[in-house]
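# predicted structure and sequence below. I'll ask about it afterward.
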Amino acid sequence: MTGYLESTLRKNREGGRKLLVPYITGGLSADWCEVLRAMADAGADAIEVGIPFSDPVMDGPTIQAASARALARGTTPVSLFEDLTGIDAGVPLVAMTYDNIVHKAGDARFAGELAAAGICGAIIPDLPLEESASWEAASAAAGVEAVLLVAPVTPDERLARICERSRGFVYAVSRMGITGERVDVAASAGVIAKRTKAVTDKPVLVGFGISTPEQAVEAAADADGVVVASALMRILLDGGGPEEAAAFVSSFRSALDA
Amino acid sequence: MTTRPMATPGADGRFGEFGGRFVPEALMPACLELEAAFTAAWADPGFRSEYEGLLRTYANRPSPLMEAKNLSERLGVRVLLKREEMNHTGSHKINNVLGQALLTRHMGKKRFIAETGAGQHGVASATAAAFFGLDCVVFMGEVDTKRQELNVFRMELLGAEVIPVTSGSRTLKDAVNEALRDWVATVETTHYCIGSVMGPHPYPWMVREFQRVIGDEARAQCQELIGGVPDYVVACVGGGSNAAGIFAGFDDTDAKLVGVQPEGGAAIGRGTPGVVHGHRSMLLQDEHGQVLEAESISAGLDYPGVGPEHSHLHAIGRATYPWVNDAEVLEAFKLLSRTEGIIPALESAHAIAWVAKEAGREIPEGSTVLLNLSGRGDKDVAQVREILAR
């Protein structure tokens, strides 16, 4: 059965457009839900909501700083879910967090809490295929789509297995490294996007290091769309709010639609 | 065939319910490659003999087992010291590093990265990298670069680049995070030399195997010296590599295995199961799963987690993991210095502190205690002087 996340992304893709999924660290500021809604209104196809973790090993300085700020504000998974209560962004929300946050609550309880908060998908980057079976089962039972990741070094046979098991979309990590702004799109981005598209019909989104509308267009060429995180979070860390976030998302939307 | 408590883990890298391989997809191929490389090398007599040769001629093994007569007289229990602090670079860390450096060469990688707390693993890594001609980068929490200034200079002298880590608590936990972040970007040319029995499979198993030389030697030395096995085998535990190494020689005996933790980093006893740094193990964390900062006088034990096999040995009741506080550690630091003329590392002083505290109490008078003196205290002298002057 195809869930809300995957069916929305498929529908938008069939409508002929490249998909845009901006990221926000949940609990970053008092008005973070307004930022989220502004991003949705500015043309996001789905929104990735980071649940901050003390030790984000896949993240570069920007998202580390955003996570630290959210935690310093007293953000917990519970407070973040409460903030989302009654918020209808109008687009699917996908959680992104690390396995310890899931593990501490327990797979089934955490999946249930996500669903109750209106979050329909989840990305857990430190849960590779070998360790993700119980999370995949628990999230499926709660109606949450478990998004899996592929990396440039993923061998073909493994790539096919990951695509088969991923739900919602397949997250193609554009380069070997951590999240963060980059001056150019890695050559590996196009390669991994094409390799992934060749083995799955599920939406394939490229993420990591996509910082400008031009880079988004380039990275989306061989994929169904992009995830944009650090460049957007830097604007918010520098004091930007809903308006600045909307302008940022809007500039990516226009570039991708052009 | 009965399985020993410290058995070889299966393909899932589990020790009971602990261990595993919780790493990003980008690191999975490297973990699988390392597992295959280590499995083949460890079964290869050529690799083993090259490794053993290095341990003998470069690291100064076997390390002596010494009857600590003065300390024994003072405590009323018979204390045998396994003198790992007499190894090249001053601690047990060299055993593991030489193994991983050899393996790095076998895998054809040229860059060698490491995390370090007190600097012992960093110094050992820089040493092996110099010897094998590898490029070495060591990640060290900024707090620790100040606590252990001399070790930073030592690493630089050996040709390594030391990167002070300014994220999080700026100690060992964050040094591991930063090393992992580097590794994700460089994994195709770089080997991450993890310094303890932690991280994703195969590290906890591989590091224990590289350290088991401590236990294997001590078992034979005890046989010779006391005609059997000791009543207690005691070692300090941060991540737990020196403890895993010495326990591995006695897991199938009646000896009580005791891993002594710092009070402020007692993951076993004060923690709950968690997933961080690639494995599932006991962890100091809050109710939501945020990792807490450990607090210890010793940079090498200033770590909120513990190696997964220790969590397993605790769960099955094969080993116990008490803790001692900083004041007890300082007393033990002085005690060994004055009774035996050996200045121990603050890490190793934890093991001494527990024996000194429990001799005649939990440890019955007249018992024989094998204590792993994992490192020497030269690196700690300046820090201790400052603390005692306060």
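Good, I have the coordinates. Keep in mind the model is a prediction, meaning the values are calculated, not measured.
# who touches the closest residue in space to residue A:224 that isn't next to it in sequence in this structure?
Distances taken as C-beta to C-beta, 6 or more residues apart in numbering or on different chains put residue A:203 closest to residue A:224, at 4.5 Å, once the chain neighbours are dropped. For glycine as for every other residue, the C-beta is placed from the backbone atoms N, C-alpha and C. Residues near residue A:203 by C-beta atoms under 8 Å, 6 or more residues apart in numbering or on different chains: A:6, A:9-10, A:13, A:19, A:168-170, A:224-225.
# let's see it at 7 Å
Contact analysis of residue A:203 by C-beta atoms under 7 Å, 6 or more residues apart in numbering or on different chains lists A:6, A:9-10, A:13, A:19, A:169, A:224.
# most neighbours among those residues, please name it.
residue A:169 (32 neighbours; other C-beta atoms under 10 Å in any protein chain shown).
# residue B:357 - how many residues pack around it?
Counted with other C-beta under 10 Å, residue B:357 comes out at 19.
# thought it was touching residue B:327?
No. Here residue B:357 does not reach residue B:327: they are 11.0 Å apart, not a contact under C-beta atoms under 7 Å.
# may I see the buried residues of the helix or strand that contains residue A:163?
Counting by DSSP states H and E, the element that carries residue A:163 is helix A:156-165. Buried residues in helix A:156-165, counted by 16 or more other C-beta atoms under 10 Å in any protein chain shown: A:158-160, A:162-163.
# which helices and strands sit right next to that helix?
strand A:145-150, helix A:187-199 (3 or more C-beta pairs under 7 Å, 6 or more residues apart in numbering or on different chains; DSSP states H and E).
# and those: which comes nearest chain B?
Chain B lies closest to strand A:145-150 among the helices and strands packed on helix A:156-165, at 4.9 Å (C-beta to the nearest C-beta).
# do the closest one and chain B come into contact?
Yes. Against chain B, strand A:145-150 shows contacts by C-beta under 7 Å from any C-beta of the partner chain at A:149-150.
# quick check: what element follows the helix or strand of chain B with the lowest mean pLDDT along the chain?
In chain B, no helix or strand scores lower on mean pLDDT, DSSP states H and E than helix B:142-147, which sits at a mean of 91. Scanning forward in sequence from helix B:142-147 by DSSP H and E, the next helix or strand is helix B:149-157.
# from the chain's centroid, how far away is that following helix?
From the chain centre to the centre of helix B:149-157 is a distance of 20 Å (C-alpha atoms, centre = their mean, to the nearest Å).
# what about that helix, average pLDDT?
Average pLDDT, helix B:149-157: 94.
# sort out which residues of that helix are buried, please.
Neighbour counts over helix B:149-157 (16+ other C-beta under 10 Å) mark B:151-152, B:154-155 as buried.
# what helix or strand is whatever residue of chain A ends up closest to chain B on?
Nearest residue of chain A to chain B, counting by C-beta to the nearest C-beta: residue A:104, 3.2 Å away. Per DSSP H and E, residue A:104 falls inside helix A:99-105.
# next one: residue B:329
Following DSSP H and E, the helix or strand that holds residue B:329 is helix B:326-340.
# elements contacting that helix?
If you count contacts as 3+ C-beta pairs under 7 Å, 6+ apart, helix B:326-340 packs onto helix B:69-75, helix B:346-358, helix B:381-389.
# so which of those is nearest chain A?
Nearest to chain A, of all the helices and strands packed on helix B:326-340, is helix B:346-358, at 22.7 Å by C-beta to the nearest C-beta.
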